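> Output the structure for:
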Amino acid sequence: MELPKRLEVEVPRRKVTGYLLATGHPVGGAKAKYFHSRGFDLESPELLEASLRQVAQTGRVEKTEATPWGKKYFVVGEITAPDGNSLNLGTVWIVSGDGPPVLVTAYPTRR
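Numbering: from 1, shown residues only. Next comes the predicted model:
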């Protein structure tokens, strides 16, 4: 199964810079340290944003979940990190009504 409207996904910059790449974030700090270790950084957040879009566009939906805010899609895919190595990413997207998928979170995963 593919993510609906996968070519229209939204990756909020604040989600990337304020959470996924923010080493001081109380929840996202561990993820940020991992992403930094793979070559992603705050100086070039567009690299992680592009990788997240790639997972949305080419990855597979592992599961879905209905929530009061919309339907969540758990999508897994493989990208090439800035360090040159492949990286499996799990991503979560939420779709509200007829809107595009919006990034909720991302994390390293095994395939």
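> OK, contacts around Gly84?
Gly39 (Cβ atoms under 8 Å, 6 or more residues apart in numbering). Where you see a C-beta, it was placed from the backbone N, CA and C, and this is true even at glycine.
> Can you check which helix is longest in this protein?
In the chain, assigned by DSSP state H, the helix with the most residues is helix 45-58.
> ok, Glu8 to Ser96 distance?
Counting by Cβ to Cβ, to the nearest Å, the gap from Glu8 to Ser96 is 13 Å.
> next one: Lys5
In terms of Cβ to Cβ, Lys5 sits 12 Å off from Ser96.
> In terms of neighbours, single out the busier of the two.
Lys5 (15 against 12; other Cβ atoms under 10 Å).
> Quick check: closest non-adjacent residue to the more buried one.
Leaving aside its sequence neighbours, Lys5 sits nearest to Pro100 (Cβ to Cβ, 6 or more residues apart in numbering; 5.0 Å).
> quick one on the thing from earlier: residues in contact with the longest helix of the chain?
Against helix 45-58 from outside (Cβ under 8 Å, 6+ apart): 3, 6-7, 9, 11, 13, 16-17, 20-21, 35, 39-40, 75-79, 81-82, 87, 89, 91, 93, 101, 103, 106.
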